[in-house]
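1. no sequence on this one, just coordinates:
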């Protein structure tokens, strides 16, 4: 997956946005690389303390390990651009191949594109899945973006469907809203682009690592890639009470239908006074098993407002179900309802899981509907594969059409260049002929002068 960060104007926060996106992506579990495509040179080598001698030319030459650098303070990787004269040392095909190589190795490639448009930018836009147009709500920046976008779309240099706007350095004090009044935000305009997010202007800004800025970029990432919204929580372990009281809808429905129940001790509400409830409402539940009998007698959980009887019978029941030494492998007890009942079948299955040391507490029992859902899932997956194949085919067709247009334009330019060169050659020939005639005339004049001098000498003698 490739994202291009672009703006035809400088100093809008494009590079800062690219680095912050990379930082967020790595936190979400995506293997990420930032490709700097700014040969001015760009700011990334200085910001991340990287070796500018290891750059995109190494990547194009096939020295991948040399080109890809690891910043000391970050988990994402970086390939830097280099100096202005490097642009003449590679072709558009080289850039495409380099991007495809990075895209195969990384989950996400973020290309930080320079403001000055060069031919290779076209290839980057074509292979990008998303193009992030980073703008400030400034008249000159917005006007330049409108002109650049209009020219690029008419020339088929990039697809408007891939582009979204990220407004950066937005100020509430600004009176004129140039962006809203521009063609970029007129829904009936051919240049209309959706706004992905608006990032405010921060005082004492600390760069891409600024926590305030990262919060907005995190929201931006979540909007772009909702499929990764839960990635940052996948490694968090469930605590004892989240396992113990986590409700499972399917299990509860099954329990309601089952007539064979195992009764739990009833809750003694009479022993709980108003004062004791107030004292225990916000206590750390981890203190339950630390030997504090006064706390263990009556517990009120703030989230569910369920009162749990924790007398000796309840403690004995918890020990029996969780087996203490094998808790991590046991299926969690369903949410304890007011009926204080738990099916013997579920109780038996839970004990078997404990004895077998099998971590299956997140796996529901297979039912007929489960298999039906699995078949439907397979059908949907097959359909999605077909849709993906068709989409890829359409993308390839679009790419081929764009390449064909580029070739036609290049061919026309070559023909014009050849015609111009032929005219220049003909002009040079005419000039050469004229110069030869002038030289010949000068030779004749010199010969006449020599003859005159000889005659003069003869006369004197």
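-> Thanks, I have it. Bear in mind that the values here come from a model prediction, so they are computed numbers and not experimental data. Numbers count the residues shown, from 1 in each chain.
2. mind checking the SS state of residue 197?
-> When the structure is split into helix, strand and coil by DSSP: H, G, I helix; E, B strand; the rest coil, residue 197 lands in strand.
3. Let me know the secondary structure of residue 133.
-> Taking three-state DSSP as the rule, one finds residue 133 in the strand state.
4. and it, what does it touch?
-> 6, 7, 145, 149, 163, 164, 165, 166, 193 (CB atoms under 8 Å, 6 or more residues apart in numbering). All C-beta spots, glycine's among them, are computed from the backbone N, C-alpha and C.
5. make it 6 Å
-> The neighbours of residue 133, taking CB atoms under 6 Å, 6 or more residues apart in numbering as the test, are 163, 165.
6. For it, name its beta-bridge partners.
-> residue 6, residue 165 (DSSP bridges).
7. what about residue 121, how many residues close to it?
-> Applying other CB atoms under 10 Å, we find 21 other residues in the vicinity of residue 121.
8. Which helix or which strand is home to it?
-> Taking DSSP states H and E as the criterion, the element that holds residue 121 is helix 119-127.
9. List the buried residues in that helix.
-> Going by neighbour count (16 or more other CB atoms under 10 Å), the buried part of helix 119-127 is 120, 121, 122, 123, 124, 125, 126, 127.
10. I would like the residues contacting that helix, please.
-> Contacts to helix 119-127, defined as CB under 6 Å, 6+ apart, come from residues 2, 4, 92, 95, 96, 99, 111, 113, 157, 158, 399.
11. quick revisit: going by distance to residue 181, which of the buried residues of helix 119-127 wins?
-> Each of these was checked against residue 181 using CB to CB; the closest is residue 125, at 26.4 Å.
12. Distance check, that closest one against residue 37.
-> Counting by CB to CB, to the nearest Å, the separation of residue 125 from residue 37 is 11 Å.
13. and for the two, which residues touch both?
-> Joint contacts of residue 125 and residue 37 (CB under 6 Å, 6+ apart) do not exist.
14. What segments of the stretch 351-461 of the chain are helices?
-> For the stretch 351-461 of the chain, helices defined by DSSP state H, counting those that start in this stretch occupy the ranges 368-460.
15. tell me the SS of the closest residue to residue 217 other than its chain neighbours?
-> On the basis of CB to CB, 6 or more residues apart in numbering, the spatially nearest residue to residue 217 that is not a chain neighbour turns out to be residue 20, at 4.1 Å. When the structure is split into helix, strand and coil by three-state DSSP, residue 20 lands in helix.
16. and residue 20, what does it touch?
-> With contact taken as CB under 6 Å, 6+ apart, residue 20 is in contact with 208, 214, 217.
17. Among those residues, which lie within helices?
-> Judged by DSSP state H, the subset of these located in helices is 214, 217.
18. and stretch 176-191, which residues are buried?
-> Applying a neighbour-count criterion of 16+ other CB under 10 Å, the buried positions in stretch 176-191 are 178, 179, 182, 183, 184, 185, 191.
19. outside of that stretch, which residues touch it?
-> Outside of stretch 176-191, the residues that reach it under the criterion CB under 6 Å, 6+ apart are 137, 139, 142, 146, 149, 192, 193.
20. Buried among those? Make that a ChimeraX selection.
-> Those of these that count as buried under 16+ other CB under 10 Å are selected in ChimeraX with:
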select :137,142,146,149,193
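21. Counting only helices, which of the contacts of stretch 176-191 make the cut?
-> When DSSP H defines the helices, the subset of these inside them is 139, 142, 146, 149.
22. so what's the first one closest to, chain neighbours aside?
-> Closest residue in space to residue 139, ignoring its immediate chain neighbours: residue 178 at 4.9 Å, by CB to CB, 6+ apart.
23. returning to that earlier point: which one of the contacts of stretch 176-191 is nearest residue 171?
-> Minimum distance to residue 171 across the contacts of stretch 176-191 is 7.6 Å, recorded for residue 137 (CB to CB).
24. can you pull out the strands in the stretch 51-200 of the chain?
-> Ranges of strands in the stretch 51-200 of the chain, per DSSP state E, counting those that start in this stretch, are 77-79, 108-113, 130-135, 163-170, 195-200.
25. Just list what the fourth one packs against, helices and strands only.
-> Secondary-structure packing of strand 163-170 (3 or more CB pairs under 6 Å, 6 or more residues apart in numbering; DSSP states H and E): strand 130-135, strand 195-200.
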